[in-house]
Structure formats: structure tokens, C-alpha cells
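*Asks:* dropping the sequence and predicted coords here.
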Protein chains: 2
Amino acid sequence: MSAATRNEDMSDDIGTRLKLVRQIFGLTQRELARRAGVTNGAISLIEQNRVSPSISSLKKILDGIPLSLADFFTLNFTSSDNVFFTADELTEIVYDPAISMRMVGRKVKGRMLQMLRETYQPGADTGDAMLRHEGEECGIIVSGCLAVTVGVEEKVLQPGDAYYFRSDIPHRFRNPGTEPCVLISANSPPSF
Amino acid sequence: MSAATRNEDMSDDIGTRLKLVRQIFGLTQRELARRAGVTNGAISLIEQNRVSPSISSLKKILDGIPLSLADFFTLNFTSSDNVFFTADELTEIVYDPAISMRMVGRKVKGRMLQMLRETYQPGADTGDAMLRHEGEECGIIVSGCLAVTVGVEEKVLQPGDAYYFRSDIPHRFRNPGTEPCVLISANSPPSF
DNA sequence: TAACGTTGTCAAAAATCCTAAACACATGGA
DNA sequence: TCCATGTGTTTAGGATTTTTGACAACGTTA
């Protein structure tokens, strides 16, 4: 029931929601209308919230996507606000003065992924008290070089190189070079 | 998305579904109509599937219960499979050799539970003013017997039997026997 | 038994939605 | 430039839903 109040606002704006869903699935009003067996005009009116469609109409339209009524009302389709981010919109995370981290997207609980843009200054090191946490992580080097230790293996990665390992295996990052190292990494689930 | 196909059938019978929900919440067509601000005739026609209501109408009606559109299309009101469990349907959980645990219901992450040991004297009754509150609750009978009403379903549970339901569905406990009933119950979130 | 209140249903009128066909606008080629 | 194509929008009218107001069936109580 907590979901009820949380999702209640969705019910008021079927139009925007339908439009968003339609666009997510890459359909035009006419194409969706053709698949659903309704007219494009009907979809236009619904998306403008100028009419409140009947269940049967909405069902027919969703069948053309296809998407169930339950999913239509339940799923949390992200608005474009949460899709695209400029570089300076990435939230900065203070971890170590020599290590800059910027996270892609907003911190929303329930997410399974966390992407970071990390910058390691020369000599920066996560320390020999190896990191360990739940989940998996991966990354790719953008510039500079990075020494990555996973378990007993260590390798110095160059730009373009990448890694992927289970996060419960002790791991460590270090910049052995003379220029900053930039990499893009991802965690699942978010480690902080 | 997988829920789409699984729940698809529900969409075809809004009427029966609405009627079931209305009865579960103990409302007459007129009472629900009064709360929702529509006419009883409209509800009658909808429940007979003689019309397909508009989203706005259905929303108004559900607001009178109250129940969100999302819950209306999502909840599984009909199947008692996930409500009542026989003694041998409880899954055993090995936590500590000295502690035997048997989990009631299916394992779903995100639950925060409060477990209780309750004793109902013969004739004890929570009353026909059905209980309703946020969250979920479950329980298992230790000794004696307990009549549990959840929505329109009532079942007399014997020792070893158990229940699991959403607490916003009206419910009631009653001891119809001649000896005290002891049960272990759990609430999520804790109700007190 | 009769009076009363409550229930769900139904028929016609009022309100709303959906369709068909056109409109305005933008884009891309010939 | 001009045309063809594709997009979303609008409008009038037919189709559907909702209201209004009444009906019969069922209990309860005097």
C-alpha cells in the first residue's frame, strides 16, 4: 500500500505517461495507433490529457506496445531528467584528496548500478588494506595508467584497458605513473 | 515486464475484479458510489462488464476504497495460494544448529518484520470492525485453533498452519475453540 | 402481514470519448 | 524551390459511457 501513495500522482497524468512510454518504445502516434487498432487522433487527445481514455481503449493501445495495464501503472519510467547529465552535473564524492570521484545520476535507493568517473593523481592509492564489499565492479581506463590488484594478481592497465571482478575479492587501485589517471567504473550494487 | 504476460488476464475482467475488491473491503455499490462521487448505476454497469470505464471514473471509484490504480491492477486478490500455507509448506531456514527456523511465505527481499507470540483465549475476537493498517503480517499456529478472516476468505487454522497477507486488506482473528490458541505472528513494519 | 430500508438492476437522457478527415509544421530529396 | 513524406494537432459527428430516476427482490422489524 505504500506503493499506492507513492505512485498516486501517476494516475493524474495518464497522457504524459503514455507519451513517455510510447517514446521509450520508439513509436510514433500513428505507428502505435496502427498496431493497437485505434486512430492516431485518439492517442493525441489522450497524450494531451484532453480525454480520459476508457480502460478498453488504454488496454488496446498498450497491447500495441506491448505493455500490460499493471506494468503501465506500476513501472517507474524515468523522465529524461534522470537520463542525461552534463559533466558538471555529476555529483562529486569526497573519498580521498588525491582521488576524485563523480557519480553518474542521482542517488536513488533501489538502484542496482552506480557509475563513477574517477581521477587518480600520481601516487594516489586506495591502500594496502584491501577493499572488499558486496557485488561486482568493472571499469575502463580513459587516460593515464592504473595498477589494479585483484586477489593475488596485479596488472598495470593502460588507456582502453579494463577490468571486471567480484567485489568481495580483495582489491586495490594505485596510480604508478607521473600523470593523472582517469577511468570510468561501475558498481553493482552501489558501494556507497 | 515479465508481470505483463502473467497479469494480462486481469485486464479483461475489470468488472469482476472491481466487484471482488469492493466486497473485500465490505462496501455496497451505493456506499462506494457515495464515497467515490459517482452513481451506483455506473458501478453496477462496470461490475457487469457492460461498459469499460474511463480511467478517470475508475480512479474516482478506487479513491473511494481507497486503492491506487497500480495496486488495483497489480494485486493478486484472488489466489489463496499466497495467503494460506499448510504446515509442510513452510520452508526451513538453517540459521544456527541450535535454532530451528521455518520461514512463512516466500522469500522476498525488502521485508522488515516483527514477530510475536500471541495467545487467544476461547472466544477471543478482534471484532467485526475489521483490522486495517499499513504493511504485511503473517503468523503460525502453535496450539489450539484460530479462525482467520482475510478479505472475503475465512479459514480455521490448526496447529502448524499459517497465514500471510497484506495488512491493508481487512482482517480479523477469532478463537472458535474451547482451549487457548497460541500462535507466532510477524508484522512488517512493526505495528507497535 | 405490512411497512420500511437496503440491495442490485434497468431505460432513457446527458455527458464524454473515439473516429474520420482534414490541418499545420518540419524534414529531406529531386 | 517544390514536392513528398512524416510528424502531432484539431474538429464534427457517431459511438460509448454516465447520470437520472425508477423498478423489483430480499431482509428486518413493528
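*Replies:* Yep, it's here.

*Asks:* report the separation between A:Gly127 and B:Gly41.
*Replies:* 73 Å (Cβ to Cβ, to the nearest Å). Backbone N, C-alpha and C define where each C-beta goes, glycine included.

*Asks:* outline the domain layout of chain A.
*Replies:* Domain assignment for chain A by automatic domain parsing gives A:2-77, A:87-188.

*Asks:* which of the ones you listed is buried the deepest?
*Replies:* domain A:2-77 (a mean of 17; mean count of other Cβ atoms under 10 Å in any protein chain shown).

*Asks:* please see if it touches DNA strand C.
*Replies:* Yes. Domain A:2-77 comes into contact with DNA strand C (Cβ under 7 Å from any atom of the strand), by way of A:37-42, A:45-46, A:51-54, A:57.

*Asks:* can you flag which of those residues belong to strands?
*Replies:* Among the residues of domain A:2-77 next to DNA strand C, no residue falls in strands (DSSP state E).

*Asks:* among those, name the ones in helices.
*Replies:* A:40-42, A:45-46, A:57 (DSSP state H).

*Asks:* can you redo those as JSON lines with pLDDT?
*Replies:* Below are those laid out as JSON lines (pLDDT from 0 to 100):
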{"residue": "A:Asn40", "pLDDT": "92"}
{"residue": "A:Gly41", "pLDDT": "91"}
{"residue": "A:Ala42", "pLDDT": "91"}
{"residue": "A:Leu45", "pLDDT": "92"}
{"residue": "A:Ile46", "pLDDT": "92"}
{"residue": "A:Ser57", "pLDDT": "88"}
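
*Asks:* could you export those as CSV, including distance to A:Leu67?
*Replies:* Converted to CSV, those look like this (distance: Cβ to Cβ, whole Å):
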residue, distance to A:Leu67
A:Asn40, 18
A:Gly41, 21
A:Ala42, 17
A:Leu45, 20
A:Ile46, 14
A:Ser57, 14
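
*Asks:* which members of these are the farthest-apart pair?
*Replies:* A:Asn40 and A:Ser57 (13.2 Å; Cβ to Cβ).

*Asks:* can you name the residues that contact A:Asn175?
*Replies:* Taking Cβ atoms under 8 Å, 6 or more residues apart in numbering or on different chains, we find A:Asn175 in contact with A:120-125, A:144-147, A:181.

*Asks:* which of these fall in strands?
*Replies:* Per DSSP E, these map to strands at A:120, A:146-147, A:181.

*Asks:* save the residues you listed as TSV, and put in pLDDT and distance to chain B too.
*Replies:* As requested, these are arranged in TSV below (pLDDT from 0 to 100; distance: Cβ to the nearest Cβ, whole Å):
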residue	pLDDT	distance to chain B
A:Tyr120	91	35
A:Leu146	89	34
A:Ala147	89	36
A:Cys181	91	36
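
*Asks:* got a list of what A:Leu58 touches?
*Replies:* The neighbours of A:Leu58, taking Cβ under 8 Å, 6+ apart as the test, are A:14, A:18, A:46, A:69, A:72, B:55.

*Asks:* what is the most widely separated pair among those?
*Replies:* A:Ile46 and A:Leu69 (14.1 Å).

*Asks:* so the closest residue to DNA strand D within chain A versus A:Arg50, what's the distance?
*Replies:* Residue of chain A nearest DNA strand D, by Cβ to the nearest atom of the strand: A:Gly41 (2.9 Å). Using Cβ to Cβ, one gets 11 Å for the distance from A:Gly41 to A:Arg50.

*Asks:* can you give me the strands for chain A?
*Replies:* Under DSSP E, chain A gives strands at A:91-96, A:99-104, A:114-120, A:136-143, A:146-150, A:153-157, A:162-166, A:171-174, A:181-188.

*Asks:* and the fifth one, what does it pack onto?
*Replies:* The helices and strands touching strand A:146-150, judged by 3 or more Cβ pairs under 8 Å, 6 or more residues apart in numbering or on different chains; DSSP states H and E, are strand A:153-157, strand A:162-166, strand A:171-174.

*Asks:* mind running it again at 6 Å?
*Replies:* In terms of contacts (3 or more Cβ pairs under 6 Å, 6 or more residues apart in numbering or on different chains; DSSP states H and E), strand A:146-150 is packed against strand A:153-157, strand A:171-174.

*Asks:* could you do the shortest one as well?
*Replies:* Using 3+ Cβ pairs under 6 Å, 6+ apart as the contact test, the elements touching strand A:171-174 are strand A:146-150.

*Asks:* partner strands of the strand it packs on and their direction?
*Replies:* Strands that pair with strand A:146-150, judged by DSSP bridges, come out as strand A:153-157 (antiparallel), strand A:171-174 (antiparallel).

*Asks:* relative to strand A:181-188, how tilted is the first one?
*Replies:* With axes from the mean of the first three to the mean of the last three Cα atoms, to 10 degrees as the criterion, the two stretches strand A:153-157 and strand A:181-188 enclose an angle of 130 degrees.

*Asks:* off-centre distance for strand A:153-157?
*Replies:* In this view, strand A:153-157 has its centroid 28 Å away from the chain centroid, taken as Cα atoms, centre = their mean, to the nearest Å.

*Asks:* CA-only coordinates of it in PDB, if you can.
*Replies:* Listed next in PDB are the C-alpha coordinates belonging to strand A:153-157 (Å, rounded to 0.1, in the frame of the first residue of the first chain):
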ATOM      1  CA  GLU A 153      47.100 -10.700  -9.400                       C
ATOM      2  CA  GLU A 154      48.200  -7.200 -10.200                       C
ATOM      3  CA  LYS A 155      48.300  -5.500 -13.600                       C
ATOM      4  CA  VAL A 156      49.000  -2.000 -14.800                       C
ATOM      5  CA  LEU A 157      46.300  -1.000 -17.100                       C
END
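
*Asks:* now it: average pLDDT?
*Replies:* Averaging pLDDT along strand A:153-157 gives 75.

*Asks:* what lies in contact with it?
*Replies:* A:141, A:145-148 (Cβ atoms under 6 Å, 6 or more residues apart in numbering or on different chains).
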